[in-house]
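1. okay, predicted coordinates and the sequence, questions at the end:
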Amino acid sequence: MASRPTTIIDLARLSLSHGEGARLDLPVRVDPLELGGQTYAPRDRELQTRLDLSRPSSGYAFRLRFPLRVEGPCVRCLDHAGVEVEVDAREVDQADTEDEELRSPYVVDDELDLGRWARDAAILALPDQILCREDCAGLCPVCGESLNDADPAAHEHESPTDPRWSKLRELKLE
Ligand SMILES: [Zn+2]
Ligand SMILES: [Zn+2]
């Protein structure tokens, strides 16, 4: 497999002065995302990201936006599911501060790791559980058939707690 280029932004090369800003539209390639033990592949090979940078008093402020569409299995019925979200994430990175809150984990030595940030932001923006539809009925716990298309009347199993079975058990014990 060919190695993927990481999307690293050299902030120093943008040479923004304080009070200045810039907007970059950049394609970012991401690997399939792992969510709740399932794998979800972005529908597009590359995310079309928009990065806004500004330099307030010191350091940088970033805003990253991109539409995201992923496809994978529904966590309840394993049928095909797709989700679309608008990712909108922000980061600040203040120079010369010991305050962890004001440092961005994606900025190291004046370089912004856009690829890693985009990936993390994508995972955060997606719902915890991806479903084929909001009211997905899931799989029957007894036979494993999808209950979404099953006729509820036709789909019944004898339950072990059925009163008739209890009667039988009582008889056997006597
Ligand atoms: Zn489902
Ligand atoms: Zn069943």
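-> It's in. Ligands and ions are numbered 1, 2, ... in the order given.

2. quick one: secondary structure of the residue nearest the centre of the chain?
-> Centroid-nearest residue in the chain: Ile123, 2.7 Å away (criterion: CA atoms, centre = their mean). Here Ile123 is helix, with the state taken from DSSP: H, G, I helix; E, B strand; the rest coil.

3. spatially nearest residue to it, not counting backbone neighbours?
-> If the residues on either side of it in the chain are set aside, Ile123 comes closest to Leu33, at 5.7 Å by CB to CB, 6 or more residues apart in numbering. C-beta coordinates here come from the backbone N, C-alpha and C atoms, glycine included.

4. wait, isn't the one you found in contact with Tyr40?
-> Yes - in terms of CB atoms under 8 Å, Leu33 counts as a neighbour of Tyr40; the distance is 4.9 Å.

5. so which of these two has more stuff around it?
-> Neighbour count, other CB atoms under 10 Å: between Leu33 and Tyr40, Tyr40 has more, with 23 against 18.

6. show the backbone phi and psi for the more buried one.
-> Torsion angles at Tyr40 (phi, psi; degrees, to the nearest 10) stand at phi -120, psi 120.

7. which residue, other than its chain neighbours, is closest to it?
-> By the measure of CB to CB, 6+ apart, the closest residue to Tyr40 outside its immediate chain neighbours is Gly72, 3.7 Å from it.

8. what is the burial count for Cys136?
-> 18.

9. how about the contacts made by it?
-> Applying CB atoms under 8 Å, 6 or more residues apart in numbering, we find Cys136 in contact with 74, 76-77, 79, 148.

10. out of those, which touch ligand 1?
-> Among the contacts of Cys136, the residues within reach of ligand 1 (CB under 5 Å from the ion) are 74, 76-77, 79.

11. dump the residues you listed to CSV, plus distance to Pro56.
-> Below are the ones next to ligand 1 among the contacts of Cys136 laid out as CSV (distance: CB to CB, whole Å):
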residue, distance to Pro56
Cys74, 43
Arg76, 45
Cys77, 48
Asp79, 47
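
12. so which of those comes closest to Glu158?
-> In terms of CB to CB, no member of those lies closer to Glu158 than Cys77, at 23.2 Å.
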